[in-house]
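Here's a sequence, model it:
(one chain, ligands or ions: 1)
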Amino acid sequence: MRISVLGVGYVGLVTGACFADAGHTVACVDVDPGRVAAINRGECPIFEAGLPKLLARTVGRTLSATLDAAGTIANSEITFIAVGTPFDGERIDLSQIHEAARIIGRALRDKPDYHVVVVKSTVVPGTTDGSVRPILEQESGKRAGVDFGLGMNPEFLTEGEAIHDFAYPDRIVLGGIDARTQDVLAAVYASFTAPLIRTNNSTAELIKYSSNALLATLISFSNELANLATALGGIDAVEVMRALHASRYLSTPLDDGSVVVPPIVSFLLGGCGFGGSCLPKDVAALAAHGAAAGVPMRMMRAVLDINAEQHSKMLELAHKHLPSLAGRRVTVLGIAFRPDTNDTRESPAIPIVKSLLAEGAHVMVYDPAAAAEAARLFGTAVTVASTLEAAVDNAEAILIVTKWDEFLRLPGLLATLGRNPVVIDGRRMLAPSAVGCYEGIGRA
Ligand code: UGA
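You can find the predicted model right below:
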């Protein structure tokens, strides 16, 4: 099919490249000439594993980028809206969605053929039908459900694993104003193997929020229990959670004696809190949207409240060994909000580094992918190490904030260096016995 994608940010580019790789003809539209030119040269403007290869395979064949929205929409059968929805701390800003709808509506005015418009960006329930639809109808002079289709097709991409997530989806949600819209969307996804969930647009919007709200809730639940274990003393929260994972509600014993453990349990372990561009924003936006609808959303508020304080547990553990951090050499391992990305948005590392600096520590940071971002975030206030060796060489305390595989080398490295700083494990990466002086959130 001929597909146009509006907005070549993270979601738009991954979506466009994956559809192009699946054999569709895809044109990605953006207002940034530099970005458009870079993509057409086959250069990848974002850090995402596998994406440069995908661009090399598709650009110039089934994938192109352009500034020409009207012409591209007119020449395609379906348009995905994948523009940004910036967050002001409370609500998402829908102005880019509205502008995209205006552009598409104007392009549809002169297009004789049936066209389908699909919202891919994460938007609060009611947006597609309540505000995108009237703009499209007004600008095009046409009717949704008659002259054009209108759908909502949320993405479920984890940063660093997005290409895999797109190629092997667990479900494909086909929100649509009518069956005809859903049929066109189903045709776009014809080569993908996953259960198709046909539903209306508002339900599709809430499915997306519910998915992230559940993950965030599990994380804050685990963190609250980990904090309780610490306060009560003599309880290892990791042991508690491992036993919880083994419950038949979570793990399935098979006849051959093996056990199938679902991936969701990776969210049921204490740590130093969640970050990123999705979980914090989606939970907060859902809470605000619910409150505006008269539902207080107490659980979502609690999830956010617990997360807002969780990073401070890292410093509490550091204080057990270094009562004053003033003048102490402290290394923070991991600045990205999760491994396999250089994205630092809402990363717990940010408040952790700021608190260390506020207490007068000499802070060194190391991240395998986000060194430039660390320098941009903290300037000369911290030293950015270029290797793990340099980062830990002289440290008196080492805080693991991001679960990068490389940090598994830490015990061996410290043994080689003959050093014994306190290691504070915010991601349960190491066995407590792996280093001479270990502290972990919720660990006995
Ligand atoms: C999340 C979801 O996992 C995806 O399913 C979803 O599609 C995506 O948001 C989205 O809305 O686009 P992402 O934010 O990229 O993906 O990454 P996650 O692996 O979910 O990590 C989010 C945060 O939770 C990270 O800061 C991570 O360190 C933290 N986390 C994760 C924990 O604190 N504890 C855990 O047990 C797991």
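
Can you name the residues that contact Tyr438?
Going by CB atoms under 8 Å, 6 or more residues apart in numbering, Tyr438 touches 422-423, 425, 430, 432. Where you see a C-beta, it was placed from the backbone N, CA and C, and this is true even at glycine.

Could you do Gly233 as well?
For Gly233, the residues meeting the contact criterion (CB under 8 Å, 6+ apart) are Ala444.

do the same with Ser324
Ser324 makes contact with 359-360, according to CB under 8 Å, 6+ apart.

Wait, a strand at it?
No - assessed with DSSP: H, G, I helix; E, B strand; the rest coil, Ser324 is coil; it does not lie in a strand.

On the pLDDT front, check it for me.
At Ser324, the predicted lDDT confidence score is 98.

With Ala285 instead?
What the model reports as pLDDT for Ala285 is 97.

count of neighbours near the nearest residue to it once chain neighbours are set aside?
In space, not counting the residues next to it along the chain, Ala285 is nearest to Ile92; the distance is 5.0 Å by CB to CB, 6 or more residues apart in numbering. By the criterion of other CB atoms under 10 Å, Ile92 has 22 neighbours.

And Ile92, its phi and psi?
The phi/psi pair for Ile92 (degrees, to the nearest 10) reads phi -90, psi 150.

ok, now Thr252?
With angles defined as degrees, to the nearest 10, Thr252 shows backbone torsions of phi -110, psi 110.

Return the residues in contact with the closest residue in space to it that isn't next to it in sequence.
Here the nearest residue to Thr252 in space, its sequence neighbours aside, is Val260; by CB to CB, 6+ apart that works out to 4.5 Å. Shown here is Val260, whose contacts under the criterion CB under 8 Å, 6+ apart are 251-252, 254.

swap in Gly145?
Applying CB under 8 Å, 6+ apart, the residues contacting Gly145 are 177-178, 181.

rewinding a little: quick one: the residue nearest to Thr252 and Asp165, what's the gap?
Using CB to CB, to the nearest Å, one gets 20 Å for the distance from Val260 to Asp165.

Quick check: of the contacts of Val260, which lies closest to Leu417?
Top of the list for closeness to Leu417, among those and by CB to CB, is Ser251 at 39.3 Å.

I'd assumed Pro262 was in contact with the closest one.
Yes - the pair Ser251 and Pro262 qualifies as a contact (CB atoms under 8 Å) at a distance of 7.1 Å.

Those two - which one has more neighbours?
Neighbours per residue, other CB under 10 Å: of Ser251 and Pro262, the larger number sits with Ser251, 14 against 10.

what residues does this protein put near the ligand?
With CB under 6 Å from any ligand atom as the criterion, the chain comes near the ligand at residues 155-159, 212, 215, 219, 266-267, 269, 271, 273-276, 278-279, 337-338.

pLDDT weak spots in the protein?
Within the chain, no stretch has pLDDT under 70.

buried stuff in stretch 29-41?
Neighbour counts using 16 or more other CB atoms under 10 Å place 29-30, 35-36, 38-40 of stretch 29-41 among the buried residues.

from those residues, which two are the most distant?
Within the buried residues of stretch 29-41, Val29 and Ala38 form the most distant pair, 14.5 Å apart (CB to CB).

tell me the domain boundaries of the chain?
Under the assignment automatic domain parsing, the domains of the chain span 2-199, 211-308, 311-440.

of those, which approaches Glu205 most closely?
Shortest distance between Glu205 and the domains of the chain, using CB to CB, is found for domain 2-199: 4.2 Å.
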